[in-house]
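Trainee: sequence plus predicted model, see below.
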Amino acid sequence: MATTTMTMAKALNEGLRRAMEKNPKVLLMGEDIGRLGGVFRITDGLQKDFGEDRVIDAPLAESAIVGTAVGLAIRGYRTVCEIQFDGFVYPAFDQIVSQVAKLRKRSDGVYTMGLVIRLPFQGGIGAIEHHSESPEVYFAQTAGLRVVSCSTPNDAYWMIQQSIEHDDPVVFCEPKSRYWEKGEVDLDNPPQGLFDAVVRREGHDVTVLGYGSTVKTLLRAAQTAANEGVSLEVIDVRSVSPLDFETMARSVEKTGRFVAVQESPQTASIGSEIVAELTQRCFYSLRAPGVRVSGYSVPYPPSRIEDAYRPNVDRILDAVDRVMGFES
């Protein structure tokens, strides 16, 4: 088994490279992704190796990027569109919701929509306005779209390839604050399916669930809790739409308590959906109501105070204390 250590950014680069080597109809399109290699250097070196016809530097026009990719998908190409930052996706919203999400169903399956929209999301990099947002819930609520998020280099490497191969359109959310963190990557065997949640740490007192950048924070919280004698089971949700409730429910039925963590605001959120569904599925196993930890219901703040906005270990452990103390 071939394994190597690389950053999440490099793992995404290698995953894109492998997909392009396997399928000559895989194209990349985005702003400054060619010669520059993208603002995060995810596509570094790919235009040099595959040419300008397959790694396309697009104008600063997200709607045009996605709209062009729709036409290419109808012709059988598989285009990976890079949206430079999460807050830049909104000009393409009409294309994504009105065309990308609907064309496969509208054509009764005549057209596949093999299209991936790469979306660097969430905060933690000290960026300015429009550069640290969590728009995943907009797309998760849109029927016809798949929405996933990687949290490790290994998942980044495999999930980008699995997304490209999928016949439905995928919004691929990349936690930008984790791009430079290293981890082991198995180059031969995908760890699980694209839409499967995974247990990152076993535990028996409380289940904590999250995706993207929050997963590392959950693991830090679990270690701190263990030092205090509380055992947390950490679930990496990975797929935001569809949600793998079977894996989550098995954990909650074991622990009887759960906390859903996200960086986006709480109202009408992924965490809210998780709490609602798990309460319904696991009602007779619950020893406390599910609790949400999230960003606040305000626009993403200036970078100097973003640490107070994002869920941290203290806020997660406070929620753990609340569900642990519910019975008493």
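Mentor: Structure received. Numbering: from 1, shown residues only.

Trainee: in the stretch 1-150 of the chain, what residue spans correspond to strands?
Mentor: With strands called from DSSP state E, counting those that start in this stretch, the stretch 1-150 of the chain shows them at 3-7, 26-30, 55-57, 78-82, 115-121, 146-149.

Trainee: list the helices and strands the lowest-mean-pLDDT helix or strand in the chain packs on?
Mentor: Using mean pLDDT, DSSP states H and E, helix 103-106 stands out as the lowest-scoring helix or strand of the chain, at a mean of 90. When contacts are defined as 3 or more CB pairs under 8 Å, 6 or more residues apart in numbering; DSSP states H and E, helix 103-106 packs onto helix 62-74. For glycine as for every other residue, the C-beta is placed from the backbone atoms N, C-alpha and C.

Trainee: and the closest residue in space to A140 that isn't next to it in sequence, how far from T214?
Mentor: Closest residue to A140 in three dimensions, ignoring its sequence neighbours and counting by CB to CB, 6 or more residues apart in numbering: S241, at 3.9 Å. Using CB to CB, to the nearest Å, S241 is found at 17 Å from T214.

Trainee: who's more crowded, those two?
Mentor: With neighbours defined as other CB atoms under 10 Å, S241 and T214 compare such that T214 has more, 29 against 21.

Trainee: measure the more buried one to A319 for me?
Mentor: To A319, T214 is 12 Å away according to CB to CB.

Trainee: which neighbours do these two have in common?
Mentor: Shared contacts of T214 and A319, defined by CB atoms under 8 Å, 6 or more residues apart in numbering, comprise V261.

Trainee: please look at A226 and L232 and confirm they touch.
Mentor: Yes. With contacts defined as CB atoms under 8 Å, A226 counts as touching L232 at a distance of 7.5 Å.

Trainee: what comes up buried for stretch 214-222?
Mentor: Applying a neighbour-count criterion of 16 or more other CB atoms under 10 Å, one finds T214, V215, K216, T217, L218, L219, A221, A222 buried in stretch 214-222.

Trainee: can you give me the strands in the stretch 151-300 of the chain?
Mentor: According to DSSP E, counting those that start in this stretch, the strands that the stretch 151-300 of the chain contains are 170-175, 182-186, 198-201, 206-210, 232-236, 239-241, 258-265, 291-295.

Trainee: centre-most residue in this protein?
Mentor: S149 (1.6 Å; CA atoms, centre = their mean).

Trainee: quick check, pLDDT for that residue.
Mentor: Confidence per residue is given as pLDDT, and for S149 that number is 98.

Trainee: what about the protein, any weak spots by pLDDT?
Mentor: 1, 328 (pLDDT under 70).

Trainee: show me it divided up by domain.
Mentor: Following automatic domain parsing, one finds the domains of the chain at 3-186, 198-324.

Trainee: follow-up on the earlier one: and the residue nearest to A140, what are its bridge partners?
Mentor: According to DSSP bridges, the partner residues bridging S241 are V147.
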